[in-house]
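Peer 1: Just a sequence and a predicted model for now, questions to come.
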Amino acid sequence: MARGHLDDLVAFLAVGRERSFTKAAAKLGVSQSALSHTIRELEARLWRSHGKPQQALRARQPRFAT
């Protein structure tokens, strides 16, 4: 995995941990805008790899027998 990809995951984890882009950006020493762009690029890469997010959500929904 490329170093940039690992940094993107670190950014993603920071946002989740802090529950705030502003706080996560401060902890990482980057601007909120830079962090937002990083997360947007990570999402785009994941969607290209695994399809549209709606498809992924539908795949995880439980199916009930009728």
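Peer 2: That came in fine, so what should we check first? Residues are numbered from 1 along each chain as shown.

Peer 1: switch to C-alpha atoms for all contacts and neighbour counts from now on
Peer 2: Fine.

Peer 1: So in this protein, which helix runs the longest?
Peer 2: The single longest helix within the chain, with elements called by DSSP state H, is helix 32-50.

Peer 1: Check which helices and strands it is in contact with.
Peer 2: helix 3-18, helix 21-28 (3 or more Cα pairs under 8 Å, 6 or more residues apart in numbering; DSSP states H and E).

Peer 1: Out of those helices, which gets nearest to residue 39?
Peer 2: helix 3-18 (6.5 Å; Cα to Cα).

Peer 1: list the helices and strands that closest one packs on?
Peer 2: helix 21-28, helix 32-50.

Peer 1: Swap in 6 Å and give it another go.
Peer 2: helix 21-28 (3 or more Cα pairs under 6 Å, 6 or more residues apart in numbering; DSSP states H and E).

Peer 1: per-residue confidence averaged over the helix it packs on?
Peer 2: Here helix 21-28 scores 96 as its mean pLDDT.

Peer 1: just the angle between that helix and helix 32-50, please?
Peer 2: Helix 21-28 and helix 32-50 are oriented at 100 degrees to each other (axes from the mean of the first three to the mean of the last three Cα atoms, to 10 degrees).

Peer 1: what about residue 29, distance to residue 41?
Peer 2: 19 Å (Cα to Cα, to the nearest Å).

Peer 1: neighbour count winner among the two?
Peer 2: Legend: neighbour count by other Cα atoms under 10 Å for residue 29 and residue 41, higher for residue 41 (13 against 10).

Peer 1: give me the number of residues near residue 36?
Peer 2: 17.

Peer 1: With residue 24 instead?
Peer 2: 22.

Peer 1: hang on, it packs against residue 12?
Peer 2: No. Residue 24 is beyond contact range of residue 12, at 9.0 Å (criterion: Cα atoms under 6 Å).

Peer 1: can you list the residues that contact stretch 6-20?
Peer 2: For stretch 6-20, the external contacting residues (Cα atoms under 6 Å, 6 or more residues apart in numbering) are 21, 24.

Peer 1: quick revisit: give me the buried positions along the longest helix of the chain.
Peer 2: Within helix 32-50, the residues scored as buried using 16 or more other Cα atoms under 10 Å are 32, 35-36, 38-39, 42.
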